[in-house]
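Trainee: got a sequence here, can you build the structure:
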Amino acid sequence: MKKFNFRKVLDGLAAASPVGSSGGGSGSGAGGGSVHPGGTAGAAGTPREEIQETLTSDYFQICKTVRHGFPYLPTALAFDPVQKILAIGTRTGAIRILGRPGVDCYCQHESGAAVLQLQFLINEGALVSACADDALHLWNLRQKRPAILHSLKFNRERITYCHLPFQSKWLYVGTERGNTHIVNIESFILSGYVIMWNKAIELSTKTHPGPVVHLSDSPRDEGKLLIGYENGTIVFWDLRSKRADLRAYYDEAIHSVAWHHEGKQFMCSHSDGSLTLWNLKSPNRPFQTTIPHGKVQRDGKKPESCKPILKVEYKTCKNSEPFVIFSGGLSYDKPCRRPSLTIMHGKAITVLEMDHPIVDFLTLCETPYPNEFQEPYAVVVLLEKDLIVVDLTQSNFPIFENPYPIDIHESPVTCTEYFADCPPDLIPVLYSVGAKHKKQGYSNKEWPISGGAWNLGAQTYPEIIITGHADGSVKFWDASAITLQMLYKLKTSKVFEKQKVGEGKATAEIVEEDPFAVQMMYWCPESRIFCVAGVSAYVIVYRFSKHEVNTEIASLEVRLQCEVEDIITPEPETNPPFPDASSQLPSLKSLSGSTNTVACEGTMKDSIPCLSVKARPVRMPPGYQADLVIQLVWVDGEPPQQITSLAVNSAYGLVAFGNCNGLAVVDFMQKTVLLSMGTLDLYGSSDPYQRQPRSPRKSRQFAAGLTELSDSPVSLELERCKSPTSVKGSRKLSLPTDLKTDLDHVNGHCTSPTSQSCGSGKRLSSADVSRANRRGPGRPPFRKAQSAACMEISLPVTTEENRENSFSRSRSSSVSSIDRDSKEAITALYFMESFARKNDSAVSSCLWVGTGLGMVIILSLNLPASDDLRQSEPVMVSPSGTVLTLKGAVLTFACLDCMGTLTHRPYEVWRDPHSADDGDKTRKRKLVMHSPSSSQDMGDHQFAVICSEKQAKVFSLPSQTCLYVHNITETSFLLRADVVTLCNSVCLACFCANGHIMTLSLPSLRPLLDINYLPVTDMRIARTFCFTNEGQALYLSSPTEIQRLTYSQEMCDNLQDMLGDLFTPVETPEAQNRGFLKGLFGGSGQAFDREELFGEATAGKASRSLAQHIPGSGGIEGVRGAAGGVIGDLTRARIALDERGQKLGELDERTASMMASAEAFSKHAHEVMLKYKDKKWYQF
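Mentor: Numbers count the residues shown, from 1 in each chain. Alright, predicted model coming up:
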């Protein structure tokens, strides 16, 4: 291991050049680290020990682990009735394969083309996908990560429908031209046998029949193929004689066809909402036509037309009437009716209304054989945003309780947090309070999609994911062992009064829609304190209790808004001195205030919160219960700004939050406001910048609404990549967030925090600025851009699609250079035991504050000496005078002790606030401070790790010497940075806007990993990406799915053991004995030899220009690449054994069949010999 001796490093500083490390290039996104002198280290701050860094680049590797949630934009559905696994295809070219809980696999077509249809090779461990780019793919499911074995790309025809008969290796492919091709599944080569559309229809027909919409072989005779054309033509094709046995015509377009299991009848669904039943003996017209939802006319005329029936299934039962199940077909006179699935069983008709449009459905049956009684037991319904399984065995058709986490998107996800290796008692506790809210009325049967195999694997530490949503709900998920199961749901909107229609404009003007959306979350797992910041500028502090309570909700109102500047008066306002910490609502005066005032019909809003907290006692069930609501209020007609940073500490009993105006610190134990101050006032006398008062002319420019726009495009590009701290003189701030190359072009629009749209992603011109300011009375002002690190949810957009796919960054675009004396947002907060000043000899309670301009301010917290006085004595907050600087907005803080070990934040051990045995309310709190009073135990120094969106620095405290600095990126900026533990060590993990994931060692900031992993194609990724301990991370890959990944080499190596098996060896059920008469008169299906008919010897080769064969990477070769060592060998051996056993089984069956045929031949020959043995030649 390489050792880093800080003493030697510091000794060499005297001769070192005082130049920091150089930044990385545009491609790498990372730069080299170097020691940056920060002055002479004092005796107290000079490390004396050697810190041994154990992490090297060998510990890191990036790979995706598992994807949770509902498949985004689903298009296709398939089910293997023997393996009992389900496959869902999507518009983005993805396939999700689901089995028993824990068996969840995600595959992606490289082309990204939409999946049109999926077909399982039943009980073969393979799947065929047909895509919109007219390619067929064969997936090998006999490995944990499925891979493509073969692909076949059609060049001249478009694929419209596929059909693979049970236990057949020949796939029928229908095309848009009306032709039917046949593909060998084993070799994925096209057969020379083609059914041309002009041969299938009658010669007298003058029009093209349209695309093939259905293909299926007759259950009675596999040598007969039913072809359905879009215009209503049905052809029953004899494959042996290569001619049509019969043709049927209907004057309405066909959408689907379904057989009766005996093969004598079939049913069609049509575009006029009708179902037609046809008999093969009389194909001239249907012998039954019904419009199930059509109104019957009084004069006996045909019922009126309805909406198209998109799909029908006709399933028979041995002991009851058949089931006819179809989607669509509702009457046109009820336009507001929801999408529905209709189940007809005998004379009973049941209509099941769905919450979302139906994409596809499948009936699950007891047998895979199409020529037996089907005995349906469930219906899988794939909706646009949900998956439902209906129990057909009960008369009221209840649905099964879904074990998959497919309701992540029940309300759009607005933020996420991820906690690995959290206290083990949390998951059962959260589950116990969440289980009480479960819905009733589900089917009592087991979930029917039960295929595959899954075990816990080696890593069993507890993991919890928390998702915040647009409706104000918060969901806690058990994410242990790469599964996901919902534990508990919290509705934060319940603390507020419901808004009546018409009240929205009067109160919550800063957001038009979703006023309760969760913007930030902060959770302390040890103390179980949970804090939420909402989009309507409020913070709620929750405590956890196992007992129900009925109580009033405490609330506080905070004025965190800079006073409106007098535009006419040229005299500048002066900054007030730092106010007394015990004052509840200090008056704020600052030059950074907005100059816009809003007159609302003659009255100016002042001291009004955006939402109303319930004033009456509220019943709170066991779980998280609101302890305190803190709301920012309107000030002089200016709405409160959205919250950009949040931190809570249970040991101190404090919550801190900030926005672009300033910082507030609240004592949630005494329910008092300790500090409410503008950002500029936090500096006190330590402000490192000279702030000049603005001239009246300049003030009027700000009153115009937006900051100045630069006219020179050259200067824009030069300024774009400059750090805020590198601009001298006029201190113009040009934040490095021109996202033209990174982010802005993705969403096509940006939305202001006050929900005023500014076009479709265009740069603002001066004309646009003037137009933006011509607003009517009562409209909220377009607030100026905030910090480069603040990201806010753009909830006030019109459509749900936009609401899910976009959110506004309050980053300033490089088109406007914000003056240094405009607003400076609070972007990071961190409570810790630290050295607040240079001459401190012991650690004390501190609040570290990071701003959007790279400034770090340390506030001292003076807490009561004893716990007994905590409820009565005030907490004092005062500036320490310490100010540190970085390039770019500050993102995160961490503290290491003198040995380089991560120092955990102090916390209070959880106790139930409403415990029945807690008679003494003044029971002492149990605090874990992580800072022994003995300075020898603690060490005489510590390391502060600070990361901004541009660079990372490590300071030695209390000397405040900058030991290490690493310029992470010059051409982009960080979206997320977290200090995490891995392999009993600690590192800094970063996610950059250019898609790079990087890790840096601590404290030396050596680059350990830098991989261009994920281009930020959507701001959703930027908003939801988060790292956690043990080398794990996640982000929202689509509005409905969470993608988890690992950057740990160890987890990548063990991933194969943790994933579920999609294929398990299962015997195919035996076909029912058909009986002598059925075998004699039931057709010649058993004697049909497809190989002889479709093989190259008989049918010849297909045209090479028709389709191109592309070999895939699946099979044993794919397994060899995917798994190494003993596991890979075992997997390959098992697959080879399965294939060998399967081939031996087929051989046994063929041998038995040949023996039976030989015996029958011998018997017939003996009978013939006996019959003619004694006859003379002339008697024959």
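
Trainee: give me the pLDDT for P693.
Mentor: According to the predicted model, the pLDDT of P693 comes to 41.

Trainee: is E1091 located within a helix, as I assumed?
Mentor: Yes - secondary structure of E1091 (DSSP: H, G, I helix; E, B strand; the rest coil): part of a helix.

Trainee: tell me the pLDDT at it?
Mentor: pLDDT, E1091: 81.

Trainee: please report how far it lies from G93.
Mentor: According to Cβ to Cβ, to the nearest Å, E1091 stands 33 Å off from G93. The C-beta positions use only the backbone N, C-alpha and C, and glycine is treated the same way.

Trainee: and those two? which has more neighbours close in?
Mentor: More neighbours surround G93 than the other of E1091 and G93, with 20 against 12 (other Cβ atoms under 10 Å).

Trainee: tell me the contacts of that one?
Mentor: Taking Cβ atoms under 8 Å, 6 or more residues apart in numbering, we find G93 in contact with 108-115, 131.

Trainee: show me which of those is closest to L891.
Mentor: Of all the contacts of G93, L891 sits closest to Q108, with 31.0 Å by Cβ to Cβ.

Trainee: number of nearby residues for the closest one?
Mentor: Residues within reach of Q108, counting by other Cβ under 10 Å, total 13.

Trainee: tell me the phi and psi of it?
Mentor: With angles defined as degrees, to the nearest 10, Q108 sits at phi -140, psi 130.

Trainee: in the sheet, who's paired with it?
Mentor: Taking DSSP bridges as the rule, Q108 bridges to A94.

Trainee: hmm, it is touching A94, no?
Mentor: Yes - between Q108 and A94 there is a contact at 5.1 Å, judged by Cβ atoms under 8 Å.

Trainee: give me the distance between the nearest residue to M669 once chain neighbours are set aside and M876.
Mentor: In this structure, M669 finds its nearest non-sequential neighbour in G653, 3.8 Å apart by Cβ to Cβ, 6 or more residues apart in numbering. With distances taken as Cβ to Cβ, G653 is found 13 Å from M876.

Trainee: same question for E1050.
Mentor: Separation of E1050 from M876 (Cβ to Cβ): 47 Å.

Trainee: follow-up on the earlier one: who are the contact partners of the residue nearest to M669?
Mentor: Contacts for G653 were tallied using Cβ under 8 Å, 6+ apart; they are 667-670, 870, 875, 908.

Trainee: same thing with T981?
Mentor: Neighbouring residues of T981 by Cβ under 8 Å, 6+ apart: 421, 902, 1029-1030.

Trainee: make TSV out of these and add distance to P515 and neighbour count.
Mentor: Below are these laid out as TSV (distance: Cβ to Cβ, whole Å; neighbours: other Cβ atoms under 10 Å):
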residue	distance to P515	neighbour count
D421	36	15
L902	38	18
N1029	34	20
E1030	37	17
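
Trainee: can you tell me the element L1170 falls in?
Mentor: Assessed by DSSP states H and E, L1170 sits inside helix 1125-1172.

Trainee: oh, that last question was meant for A1033, not what I typed.
Mentor: strand 1032-1038.

Trainee: so in that sheet, which strands flank that strand, and in what orientation?
Mentor: strand 1026-1028 (antiparallel), strand 1041-1048 (antiparallel).

Trainee: what mean pLDDT does it get?
Mentor: If you average the pLDDT over strand 1032-1038, you get 94.

Trainee: returning to what we had before: of the contacts of G653, which is the nearest to F361?
Mentor: F668 (50.9 Å).

Trainee: where does S607 sit: helix, strand or coil?
Mentor: coil.

Trainee: okay, it: pLDDT?
Mentor: pLDDT at S607 comes out at 79.

Trainee: leaving out sequence neighbours, find the closest residue to it.
Mentor: The shortest distance from S607 to any non-neighbouring residue, by Cβ to Cβ, 6+ apart, is to V633 (5.0 Å).

Trainee: got it, and I482?
Mentor: Nearest residue to I482 in three dimensions, chain neighbours excluded: V66, at 4.6 Å (Cβ to Cβ, 6+ apart).

Trainee: ok, that neighbour touching D104?
Mentor: Yes - checked against Cβ under 8 Å, the pair V66 and D104 is within contact range at 6.5 Å.

Trainee: ok, now which ones touch P71?
Mentor: So P71 contacts 88-90, 94, 96, 1040-1041 (Cβ under 8 Å, 6+ apart).

Trainee: which stretches of the stretch 251-400 of the chain have low pLDDT?
Mentor: For the stretch 251-400 of the chain, the stretches with pLDDT under 70 are 299-300, 335-336.

Trainee: R67: neighbour count?
Mentor: 21.

Trainee: confirm for me that S527 is in contact with V909.
Mentor: Yes - the criterion here is Cβ under 8 Å, and S527 meets it with V909 at 6.9 Å.

Trainee: the two: who's more crowded?
Mentor: A count of neighbours by other Cβ under 10 Å puts S527 above the other of S527 and V909, at 24 against 13.

Trainee: helix, strand, or coil at the more buried one?
Mentor: With three-state DSSP as the basis, the three-state label of S527 is coil.

Trainee: the strands in the stretch 51-200 of the chain, which residues?
Mentor: Remark: strands assigned in the stretch 51-200 of the chain by DSSP state E, counting those that start in this stretch are 60-69, 74-80, 85-90, 94-98, 104-108, 115-121, 126-131, 135-140, 147-154, 159-163, 170-175, 180-184, 189-195.

Trainee: ok, the first one: who's next to it in the sheet?
Mentor: Okay, so that is strand 60-69. Sheet pairing for strand 60-69, using DSSP bridges, gives strand 1041-1048 (antiparallel).

Trainee: and if you look at the third one?
Mentor: Taking DSSP bridges as the criterion, strand 85-90 sits next to strand 74-80 (antiparallel), strand 94-98 (antiparallel) in its sheet.

Trainee: got the angle for the shortest one vs strand 115-121?
Mentor: With axes from the mean of the first three to the mean of the last three Cα atoms, to 10 degrees as the criterion, the two stretches strand 94-98 and strand 115-121 enclose an angle of 40 degrees.
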